[in-house]
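Undergrad: structure, please.
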Amino acid sequence: MPANQSDYYLTARKFWQTVTDSEGSTSNSQLHLQLETYKRLFSVFQAGNYYHIIFNMYKSELDYVDSNVSLVLGYTPEEFTIAFLMENIHPDDKPYFLNFEYRVVEFFKALPFDKVHKYKVQYDVRIRNRDNKYIRILHQAVQIDYDEKNYYRTLSLHTDITHIKPEGKPCFSLIGLDDEPSYLNIQDDHVITSSAALFTNREREILKCIVEGKSSRDIAEELFISLHTVNAHRKNLLSKAAVKSPVELVKKAIREAWV
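TA: Next up is the predicted model:
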């Protein structure tokens, strides 16, 4: 356990320990072998430098820290613990982090077992780097080690999106995969709004492809629709998002947690 167990860290730990009563039986070596398979679940265009971590719910600690954390934040994997991460969150964003983690725990506790692998958590917070500057990190997480009673480990991808979202309050979303509904930009009043309220299913598919950097022709081939249909959807997306260009659409989609 970390030596500097702040009340802030201990509060989050209480949330995490409500979903596990043991460490589980999957070894770290097994998880590392499966890492590439799990990474595909993020299914998102990398808009900046990023690193991966594996979070152990039972220990409330990190089992694995990608060496790229040095590239993004300037810290070594050895010093980058969950307590260290939390203490370096921007003071204004710390309440958001606790609120988001509480919501994540409550959502997955209520989620049917067969739906667990179909959801990705997504939110952003600012983290102080070694140069004492705050970097806005997009946190994306999927459950990778769980059973019908417990959640053991989570794989998270942290991407630097400072250049896309230099200002603004943190956003929190639950992203449905394989046609499951998404709940976007969930607000403090606990009202969860489905992404269907913003875009149609097909528009969400095409928006995801646009964010991944695919051309209209690539999208048409992947979704088995005509180029004309793709372009029509792209125009509708620009209109609904109230932006004028695909670049603005990608930035807003990431900033507002639409994908």
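
Undergrad: per the record, what domains does the chain have?
TA: For the chain, automatic domain parsing gives the domain ranges 7-195, 199-255.

Undergrad: could those domains be laid out in JSON lines, adding mean pLDDT and mean neighbour count?
TA: Every residue, glycine included, has its C-beta placed from N, CA and C. Formatted as JSON lines, those follow (pLDDT from 0 to 100; neighbours: other C-beta atoms under 10 Å):
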{"stretch": "domain 7-195", "mean pLDDT": "86", "mean neighbour count": "17"}
{"stretch": "domain 199-255", "mean pLDDT": "89", "mean neighbour count": "16"}
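
Undergrad: send over whichever helix in the chain runs longest as CSV, restricted to the C-alpha atoms.
TA: Taking DSSP state H as the criterion, the chain has its longest helix at helix 94-110. C-alpha atoms of helix 94-110 as CSV (Å, rounded to 0.1, in the frame of the first residue of the first chain):
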residue,chain,number,x,y,z
LYS,A,94,-10.1,16.3,-8.0
PRO,A,95,-13.8,16.4,-7.1
TYR,A,96,-14.6,15.4,-10.7
PHE,A,97,-12.3,12.4,-10.5
LEU,A,98,-14.0,11.1,-7.4
ASN,A,99,-17.4,11.7,-8.8
PHE,A,100,-16.5,9.9,-12.1
GLU,A,101,-15.0,6.9,-10.3
TYR,A,102,-18.1,6.6,-8.1
ARG,A,103,-20.3,6.7,-11.2
VAL,A,104,-18.2,4.1,-12.9
VAL,A,105,-18.4,1.7,-9.9
GLU,A,106,-22.2,2.1,-9.6
PHE,A,107,-22.7,1.6,-13.4
PHE,A,108,-20.7,-1.6,-13.6
LYS,A,109,-22.2,-3.0,-10.3
ALA,A,110,-25.7,-2.7,-12.0
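
Undergrad: now it: how far from the chain's centre is it?
TA: Counting by C-alpha atoms, centre = their mean, to the nearest Å, helix 94-110 is centred 13 Å from the centre of its parent chain.

Undergrad: what's the answer for stretch 172-182, then?
TA: The chain centre lies 11 Å from the centre of stretch 172-182; the measure is C-alpha atoms, centre = their mean.

Undergrad: just the terminal-to-terminal distance for that stretch.
TA: With C-alpha to C-alpha, to the nearest Å as the measure, stretch 172-182 spans 11 Å from end to end.

Undergrad: hang on, residue 205 packs against residue 223?
TA: Yes - the pair residue 205 and residue 223 qualifies as a contact (C-beta atoms under 8 Å) at a distance of 6.3 Å.

Undergrad: ranges for the strands of the chain?
TA: Under the criterion DSSP state E, the chain contains strands at 50-56, 61-65, 119-128, 134-146, 151-160, 172-176.

Undergrad: and the ones you listed as TSV, adding distance to residue 201?
TA: Below are these laid out as TSV (distance: least, C-beta to C-beta, whole Å):
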stretch	distance to residue 201
strand 50-56	28
strand 61-65	35
strand 119-128	16
strand 134-146	21
strand 151-160	25
strand 172-176	10
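
Undergrad: of all those strands, which one comes closest to residue 18?
TA: Residue 18 lies closest to strand 151-160 among the strands of the chain, at 9.6 Å (C-beta to C-beta).

Undergrad: quick one: strands adjacent to the closest one?
TA: In the sheet, strand 151-160 lines up against strand 50-56 (antiparallel), strand 134-146 (antiparallel) (DSSP bridges).

Undergrad: how far does the shortest one sit from the chain's center?
TA: So the one you mean is strand 50-56. On the basis of C-alpha atoms, centre = their mean, strand 50-56 sits 11 Å off its chain's mean C-alpha point.

Undergrad: give me the residues contacting that strand.
TA: Strand 50-56 is contacted from outside by 23, 28, 31, 35, 39, 61-69, 71-73, 80, 82, 141, 144, 152-160, using C-beta atoms under 8 Å, 6 or more residues apart in numbering.

Undergrad: if we use 6 Å, what do you get?
TA: Strand 50-56 is contacted from outside by 62-66, 68-69, 72, 153-159, using C-beta atoms under 6 Å, 6 or more residues apart in numbering.
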